[in-house]
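1. take this sequence and fold it.
(2 chains)
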Amino acid sequence: QKEVEQNSGPLSVPEGAIASLNCTYSDRGSQSFFWYRQYSGKSPELIMSIYSNGDKEDGRFTAQLNKASQYVSLLIRDSQPSDSATYLCAVEKGSARQLTFGSGTQLTVLP
Amino acid sequence: EAQVTQNPRYLITVTGKKLTVTCSQNMNHEYMSWYRQDPGLGLRQIYYSMNVEVTDKGDVPEGYKVSRKEKRNFPLILESPSPNQTSLYFCASSHGGDYGYTFGSGTRLTVV
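-> I've put the predicted structure just below:
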């Protein structure tokens, strides 16, 4: 079992719709969870972090964490064509803050 | 401007010729990491460091070395590069907590 698993996609949604991205992790000792966005040929860019069970909202983005189910999700409301990118789920653990990434979900927002 | 700077951005080299990819951050971050990114395999951690002189292996350390003599610098060394080390490499740094890791712009390495 991979340490961090994401639906590989690709995922297509129409402009203005809600995009839902999912991630599961295997290590119950994981302490922090992140969503990164990566445009083709560019470096990953942090968009959300979450530590506690529940929802965390930042603008059009909502991260959800359920530690009992070992599940993290990202909702993007009012999706825009500029949101088209690969979204990477990352899980952090240990005192050295090791960050392990899922393989990413490619999102396309259709105008 | 707060940033992680990697050099070079692109590098083509021959098998066996030692090379160093430099990484420098200006944010006084304790934590630094190197990743490689390959199609279908995602981002995989090579080495990480939690402070000066403290480094450890990640998931794919074979064929790589690192050093952390100063807080701001974390160079990646390939003593004898091989074609299977052709990849896109990212350096990243973090203060910890809410801020996650900040990534450099990447180094595209080709070993022929």
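2. which residues in chain B form strands?
-> Using DSSP state E, the strands of chain B run over B:4-7, B:10-13, B:19-25, B:31-38, B:42-51, B:54-57, B:65-66, B:76-78, B:87-94, B:102-103, B:107-111.
3. ok, which of the ones you listed comes nearest A:Ala19?
-> strand B:42-51 (19.7 Å; Cβ to Cβ). Using the backbone N, CA and C atoms, a C-beta is placed for each residue, glycine as well.
4. for that closest one, which positions count as buried?
-> Buried residues in strand B:42-51, counted by 16 or more other Cβ atoms under 10 Å in any protein chain shown: B:Gly42, B:Leu43, B:Arg44, B:Gln45, B:Ile46, B:Tyr47, B:Tyr48, B:Ser49, B:Met50.
5. what subset of those is also close to chain A?
-> Subset of the buried residues of strand B:42-51 in contact with chain A: B:Gly42, B:Leu43, B:Arg44, B:Gln45, B:Tyr48, B:Ser49, B:Met50, counting by Cβ under 8 Å from any Cβ of the partner chain.
6. next, format those as JSON lines and append pLDDT.
-> JSON lines is the format used below for those (pLDDT from 0 to 100):
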{"residue": "B:Gly42", "pLDDT": "87"}
{"residue": "B:Leu43", "pLDDT": "93"}
{"residue": "B:Arg44", "pLDDT": "94"}
{"residue": "B:Gln45", "pLDDT": "94"}
{"residue": "B:Tyr48", "pLDDT": "95"}
{"residue": "B:Ser49", "pLDDT": "95"}
{"residue": "B:Met50", "pLDDT": "92"}
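7. quick one: distance of stretch A:54-71 to the chain centre.
-> Mean C-alpha position of stretch A:54-71 versus that of the full chain (Cα atoms, centre = their mean, to the nearest Å) differs by 9 Å.
8. put the alpha carbons of that stretch into CSV.
-> In CSV, the C-alpha atoms belonging to stretch A:54-71 read as follows (Å, rounded to 0.1, in the frame of the first residue of the first chain):
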residue,chain,number,x,y,z
GLY,A,54,-12.9,19.0,10.3
ASP,A,55,-13.0,21.7,7.6
LYS,A,56,-10.7,24.6,6.9
GLU,A,57,-11.7,27.2,4.4
ASP,A,58,-9.6,29.8,2.5
GLY,A,59,-11.4,31.6,-0.2
ARG,A,60,-12.6,29.2,-2.8
PHE,A,61,-10.7,26.3,-1.2
THR,A,62,-11.8,24.0,1.6
ALA,A,63,-9.7,21.3,3.0
GLN,A,64,-11.3,18.5,5.0
LEU,A,65,-9.5,16.1,7.4
ASN,A,66,-10.8,12.9,8.9
LYS,A,67,-8.1,11.2,10.9
ALA,A,68,-10.2,8.2,12.0
SER,A,69,-10.7,7.4,8.3
GLN,A,70,-7.2,8.6,7.3
TYR,A,71,-8.7,10.8,4.6
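9. other residues contacting that stretch?
-> Residues outside stretch A:54-71 that contact it (Cβ atoms under 8 Å, 6 or more residues apart in numbering or on different chains) are A:22-26, A:28, A:33, A:35, A:47-53, A:72-78.
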